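Colleague: would you be able to build a 3D model of this:
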Amino acid sequence: MKYRKLGRTDLDISVIGLGTMTWGWQNTQEDGFEQMDYALERGINFFDTAEMYAIPPTSESFGTTETIIGNWFASRLSREKVILASKITGPGFPWLRNGNNQINKKNILNAVEGSLKRLQTDYIDLYQLHWPNRGSYHFGQVWDYAPEFNAKAEEENFLEVLHTMQSLIQSGKIRHFGLSNETAWGMSKWLQVAEQNSLPRAASIQNEYSLLCRYFEPDLSEIALHEDCGLLAWSPLTRGIISGKYLNGARPKGARLTLETRTEHRVGEQVDSAVKQYIDLAKRYDMDVCQMALAFVNHQPFVNSTLIGATNMAQLKNNIDSIGLSLPSEVYEEIALIRREHSTPF
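Modeller: Got it, this is the predicted structure:
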């Protein structure tokens, strides 16, 4: 395994991180235990979760994944071997905190206590804001995102949140805080407000990033790299779509998009066309397309960790094996050509 610093912290996190959101819905606790055991054995020390997991989020599944991880900690006595990340849910769910789930001091303190209890731990290494109060262009909202908000009010909220994070760090309940699903304006403003007020700065930003989804470039990647606020790349295989298993409307038994009841914005003719070209490219260089896709993300200088998710052990092993793959320069050149043809397939 390879390791990189998490932002400007003293934490060395594995370049491949373990995503956990399927545990408690698509995967059982037993599955989760097996994945965590194997990941730790392979040198993965960075686990990412959230209070709203398992996915898809419901009032019944809320917190289930954290509970599974907590049970694993209690069973394996391995808490000190893991750099653990979790998140507070942003606005949007009427069943959470009576619908009043803005990210603010009151809700952060409540959410942290709930996560610590479920995780059976005294501290969380990286506590992230799952998405901004003001909304964002993520989760299929890029085409309609209209950033109209009161910038002064947002900055006041940022200040409240940063003071809250400082108190949690001082009490030892969290070690660092991070952003997720943020924009370039938001990322810059968080860093600016922290510096101006001598408050904790964001250690990282967790946004979607893959061969098929490169909204992080060029603006966010520039900030991440030069402000030492690295990317934790989620969905680096685009929900498994890059594998080709969903081509032409296919829905394999037991696969995530087969079970999912919500509309999936990442499927369509343009996506299929791009996937076919990436699969052809991988074949021509005798590579597994999923490993090629992960190796591409792993290689990016602005990425701190690539968050993989798997629903079976074969997928997990194959994904982790990508850490040893270096792509030839010719492959990067061909990826650039495919990207020009399919710059925003969804």
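
Colleague: how many neighbours does residue 300 have?
Modeller: When counting by other CB atoms under 10 Å, one arrives at 19 neighbours for residue 300. C-beta: built from backbone N, CA, C; applies to glycine.

Colleague: show me where the stretch 51-200 of the chain has helices.
Modeller: Per DSSP state H, counting those that start in this stretch, the stretch 51-200 of the chain carries helices over the ranges 64-76, 105-119, 151-171, 184-196.

Colleague: measure residue 83 to residue 117 for me?
Modeller: In this view, residue 83 and residue 117 are 20 Å apart by CB to CB, to the nearest Å.

Colleague: one step back: deepest-packed of the helices of the stretch 51-200 of the chain, please.
Modeller: Comparing the helices of the stretch 51-200 of the chain by mean neighbour count (mean count of other CB atoms under 10 Å), helix 64-76 comes out on top with a mean of 21.

Colleague: relative to residue 1, which of the helices of the stretch 51-200 of the chain is closest?
Modeller: Residue 1 sits nearest to helix 64-76 of all the helices of the stretch 51-200 of the chain, at 18.5 Å, using CB to CB.

Colleague: so what touches the closest one?
Modeller: Here helix 64-76 makes contact (CB atoms under 8 Å, 6 or more residues apart in numbering) with 20-21, 23-25, 29, 32-33, 36-37, 47, 49-51, 53-54, 78-79, 82, 84, 86, 115, 118-121.

Colleague: quick one: the helices of the stretch 51-200 of the chain as TSV, columns for mean pLDDT too.
Modeller: Below are those laid out as TSV (pLDDT from 0 to 100):
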stretch	mean pLDDT
helix 64-76	98
helix 105-119	98
helix 151-171	98
helix 184-196	98
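
Colleague: looking at those, spot the one closest to residue 289.
Modeller: helix 64-76 (27.6 Å).

Colleague: got the CA coordinates for the closest one in CSV?
Modeller: What follows is helix 64-76, C-alpha atoms only, in CSV (Å, rounded to 0.1, in the frame of the first residue of the first chain):
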residue,chain,number,x,y,z
THR,A,64,-26.6,1.3,10.4
THR,A,65,-23.1,1.4,8.8
GLU,A,66,-21.6,3.2,11.7
THR,A,67,-23.1,0.6,14.0
ILE,A,68,-21.5,-2.2,12.0
ILE,A,69,-18.1,-0.4,12.1
GLY,A,70,-18.5,0.1,15.9
ASN,A,71,-19.3,-3.6,16.4
TRP,A,72,-16.1,-4.5,14.4
PHE,A,73,-14.0,-2.2,16.5
ALA,A,74,-15.4,-3.9,19.6
SER,A,75,-14.8,-7.3,18.2
ARG,A,76,-11.4,-6.8,16.7
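
Colleague: adjust the sequence numbering to begin at 58 for everything that follows.
Modeller: Yep, numbering from 58; the last one is helix 121-133 now.

Colleague: re the thing from before, now the helices of the stretch 108-257 of the chain as JSON lines including distance to residue 68?
Modeller: As requested, those are exported to JSON lines (distance: least, CB to CB, whole Å):
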{"stretch": "helix 121-133", "distance to residue 68": "18"}
{"stretch": "helix 162-176", "distance to residue 68": "17"}
{"stretch": "helix 208-228", "distance to residue 68": "13"}
{"stretch": "helix 241-253", "distance to residue 68": "18"}
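
Colleague: which among the ones you listed is found nearest to residue 324?
Modeller: The closest approach between residue 324 and any of the helices of the stretch 108-257 of the chain, judged by CB to CB, belongs to helix 121-133 at 24.9 Å.
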